[in-house]
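Participant: Pasted the sequence and its predicted model underneath.
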Amino acid sequence: MTTLLALAVSLPCVYWTQGIESRPMLEAAGIKRICVPPDRADAWRAAGFTAISIADADVASREPLPAPGVTARPAVASPTRSPWMITNGWRVMRRPAGKYSYSVSAGKGAIAAAEAFVYGADAILTIDPADAGAVGAMLSFLDGVPAVDLPPIADLAIVDDGTPLTRELMNQFVRRNLLFDVVRAPSARYRINVAVGTPEYPRDEAADPGTFALKIRRQLTDDQRTLRIYGSEVVVGRLTGDGHRIRLHLINYGGREIEGLRIRLRGAYRPGEALVAGVGRVALTDHLVAGGATELSLPRMGTYAVIDLVAQ
């Protein structure tokens with residue numbers, strides 16, 4: 001199978017099956033790196049593109065990921081109006097060395113690219129040609145984000161037993177911004193180790209993932225959560241850090257620009273700024289350090305933003 005080792009770290013590759021006659025479309029979108037069928041690679045390289053040859057067998061062997069975003073669930077009754085988000089971060093966290101593929105409709109390419117980048121997924125991205133401009137702009141932005149090598153931050157662990165119940169809990173934790181590590185057995189590093197089927201976490205409770213996630217949140221306590229996000233139910237954060245600095249990725253799954261996002265981070269950090277896709281550098285406002293935590297506001301964001309902060 002063809003590997004994607006030639007790609008820049010964490011950037012998904014646009015899988016392009018159209019012929020060389022579509023060159024003006026890609027050039028206008030600013031997309032210069034593509035994955036193509038082997039019989040078309042030489043022609044694209046001769047046209048000045050970085051063309052990665054990828055066989056049909058490699059494409060077929062990859063785990064398909066659903067298009068990220070918010071969707072209606074007309075067949076499901078709910079006592080709340082909380083949006084139903086489709087996220088894939090938990091899938092990549094379970095299998096960080098896996099290979100993935102997105103096949104998305106127009107309007108979904110940019111968020112798929114951002115999601116793959118945030119979680120470091122080895123992913124190929126099949127897009128609607130009408131989405132080329134938005135995807136090209138996102139890839140260009142992501143390519144300009146300064147590289148850092150920081151480990152993920154987690155507040156709890158979940159033991160991956162491979163069952164659908166546990167997988168859905170991971171999904172719920174990501175959507176609710178409960179930072180977790182995926183482990184094969186309980187880890188002494190964490191105060192909370194969620195192992196479905198144990199007396200503390202019985203399987204019948206886990207059968208209601210939303211209520212179960214609320215139980216874990218209460219067990220952790222909001223004061224002890226490293227990350228809390230206010231002002232939106234459709235923004236997911238991924239936090240990395242080493243004790244001296246942190247990087248916070250923010251993905252907006254809602255499809256609309258958000259204004260006035262409030263963020264709370266456990267620990268004391270200096271004022272900073274955000275890099276916001278489609279906007280550029282944005283100053284963070286209302287910075288406050290008190291009670292062992294830092295609060296700040298991001299005035300606006302579209303699909304993706306990244307914040308780097310240094311400890312006081």
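Facilitator: Received it, and whenever you're ready, just let me know what you need. Just so it is clear, the structure is predicted and the values come from calculations on it, not from any experiment. Residues are numbered from 1 along each chain as shown.
Participant: wait, isn't Ile153 in contact with Thr240?
Facilitator: Yes: the criterion here is C-beta atoms under 8 Å, and Ile153 meets it with Thr240 at 6.2 Å. Using the backbone N, CA and C atoms, a C-beta is placed for each residue, glycine as well.
Participant: which residues are in contact with both of the two?
Facilitator: Common contact partners of Ile153 and Thr240 (C-beta atoms under 8 Å, 6 or more residues apart in numbering): Ile246.
Participant: Which of these two has more residues huddled nearby?
Facilitator: Ile153 (21 against 17; other C-beta atoms under 10 Å).
Participant: okay, now the closest residue to the more buried one other than its chain neighbours: neighbour count?
Facilitator: In space, Ile153 comes closest to Leu239 once its chain neighbours are excluded; the distance is 4.6 Å by C-beta to C-beta, 6 or more residues apart in numbering. Applying other C-beta under 10 Å, we find 21 residues neighbouring Leu239.
Participant: got it, and Asp223?
Facilitator: When counting by other C-beta under 10 Å, one arrives at 11 neighbours for Asp223.
Participant: picking up where we left off before, name the element the residue nearest to Ile153 belongs to?
Facilitator: strand 235-241 (DSSP states H and E).
Participant: Show me how far the helix or strand following that strand is from its chain's centre.
Facilitator: Note on strand 235-241: by DSSP H and E, the next helix or strand toward the C-terminus is strand 245-252. Strand 245-252 has its C-alpha centroid displaced from the chain centroid by 10 Å (C-alpha atoms, centre = their mean, to the nearest Å).
Participant: Give me the buried positions along the very next helix or strand once past strand 245-252.
Facilitator: Using DSSP H and E, the next helix or strand after strand 245-252 towards the C-terminus is strand 258-266. Buried residues in strand 258-266, counting neighbours by 16 or more other C-beta atoms under 10 Å, are found at Ile258, Leu261, Ile263, Arg264, Leu265, Arg266.
Participant: now do stretch 170-189
Facilitator: For stretch 170-189, a neighbour-count test (16+ other C-beta under 10 Å) marks 170-183 as buried.
Participant: Out of the residues you listed, which sit inside strands?
Facilitator: The strands, defined by DSSP state E, take in Phe180, Asp181, Val182, Val183 from the buried residues of stretch 170-189.
Participant: Low-confidence bits of the protein, can you list those?
Facilitator: Within the chain, the segments meeting pLDDT under 70 span 1-9, 72-82.
Participant: what's the residue closest to the geometric middle of it?
Facilitator: Closest to where the C-alpha atoms of the chain average out (C-alpha atoms, centre = their mean) is Glu115, at 3.5 Å.
Participant: what residues are up against Ala110?
Facilitator: Per C-beta under 8 Å, 6+ apart, neighbours of Ala110: Asp131, Ala134, Val135, Ala137, Met138, Ala277, Thr303, Tyr304.
Participant: How is the chain partitioned into domains?
Facilitator: As recorded under automatic domain parsing, the domains making up the chain are 13-143, 156-224, 227-310.
Participant: Among these, which comes closest to Asp149?
Facilitator: Asp149 lies closest to domain 227-310 among these, at 8.9 Å (C-beta to C-beta).
Participant: and the end-to-end length of the closest one?
Facilitator: For domain 227-310, the first and last residues are 15 Å from each other (C-alpha to C-alpha, to the nearest Å).
Participant: ok, now stretch 282-294?
Facilitator: Per C-alpha to C-alpha, the first residue of stretch 282-294 is 18 Å away from its last.
Participant: for it, the distance to its chain's centre please.
Facilitator: 24 Å.
Participant: can you list the residues that contact it?
Facilitator: Under C-beta under 8 Å, 6+ apart, the answer for stretch 282-294 is 262, 264-269, 271-276, 295-301, 305, 307, 309, 312.
Participant: in it, what counts as buried?
Facilitator: In stretch 282-294, counting by 16+ other C-beta under 10 Å, buried: Val282, Leu284, Val289, Ala293, Thr294.
Participant: and the residues you listed, which two are the farthest apart?
Facilitator: Farthest pair in those, by C-beta to C-beta: Val282 and Ala293, 21.6 Å.
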